[in-house]
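# Would you be able to build a 3D model of this:
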Amino acid sequence: MGKITVETCEIEGLKVITPQVFGDERGYFMETYNYNDYKEAGIDMEFVQDNQSASKYGVLRGLHFQINYPQDKLVRVVSGEVFDVAVDLREGSATYGKWYGVVLSAENKKQFFIPKNFAHGFLVLSENAEFAYKCTDFYHPNDEGGLAWNDAEIGVQWPIKEGMELIISDKDQKWGSFAEYNSGK
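Here you go, the predicted structure:
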């Protein structure tokens, strides 16, 4: 595991990964994923789909999850900076309903591993950001679930800067509360 450093979080299963970066006057090189290193770190799974999105300052995406086809995700930022959030939806978990957030940027090159049964979202903090992630199951459009990004019970502390105008899709503005999610089970 010499090429990555793995930090565990206060929510079991979440991991922040920092790759080893080799740089010189020409630029840098890093492995963004190496199965053997990740397996040694306890992330032993098959990723079947890679996704990438671009967003501008103030875009807030989330909080999303797949209902019947949950996905493990390994997320990172290729350019720019985001505040990335995961909310524990694992029934019986000691941290059920709790959230954890981390700043991911092209500069810090950190990655965030989010296991199945977490809701996920992010807020763009830079002028633009490109966000890339690996998933362990395919996207199923009819299997989408979500939680309100500003649900008071979950209480995500989004780093919304003074004067920042949030840009949130119509779909993301319609997700229900955590209480509604719990009552629908």
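# If I look at the spatially most distant residue from the centre of the chain, what pLDDT would I see?
In terms of distance from the mean C-alpha position of the chain, residue 25 ranks first, at 31.8 Å (C-alpha atoms, centre = their mean). Residue 25 carries a pLDDT value of 96.
# Any idea how far stretch 32-41 is from the middle of the chain?
Relative to its chain's centre, stretch 32-41 lies at 18 Å (C-alpha atoms, centre = their mean, to the nearest Å).
# tell me which residues of that stretch are tucked away?
33, 37, 38, 41 (16 or more other C-beta atoms under 10 Å). C-beta: built from backbone N, CA, C; applies to glycine.
# quick one, what contacts residue 111?
Taking C-beta atoms under 8 Å, 6 or more residues apart in numbering, we find residue 111 in contact with 16, 17, 18, 19, 32, 74, 75, 76, 104.
# The fifth one belongs to a strand, doesn't it?
No. If the criterion is DSSP: H, G, I helix; E, B strand; the rest coil, then residue 32 is coil and not within a strand.
# Show the backbone phi and psi for residue 179.
phi -60, psi -40 (degrees, to the nearest 10).
# Quick check: it touching residue 153?
Yes. Between residue 179 and residue 153 there is a contact under C-beta atoms under 8 Å: 6.2 Å.
# residues contacting residue 97?
Here residue 97 is in contact with 87, 88, 89, 153, 154, 178 (C-beta under 8 Å, 6+ apart).
# quick one on the thing from earlier: so which of the contacts of residue 111 is the closest to residue 98?
residue 16 (16.0 Å; C-beta to C-beta).
# just checking, the closest one touches residue 101?
No. Assessed by C-beta under 8 Å, residue 16 is found out of contact with residue 101, at 10.6 Å.
# mind listing the helices for the chain?
35-40, 170-173, 178-183 (DSSP state H).
# circling back: quick one: common contacting residues for residue 179 and residue 153?
Between them, residue 179 and residue 153 share no contacting residue under C-beta under 8 Å, 6+ apart.
# And stretch 152-165, what's buried?
Buried residues in stretch 152-165 (16+ other C-beta under 10 Å): 154, 156, 158.
# same question, stretch 125-135
Buried residues in stretch 125-135 (16+ other C-beta under 10 Å): 125, 126, 129, 131, 132, 133, 134, 135.
# what's it in contact with?
Against stretch 125-135 from outside (C-beta under 8 Å, 6+ apart): 33, 47-57, 71-83, 103, 105, 122, 159, 161.
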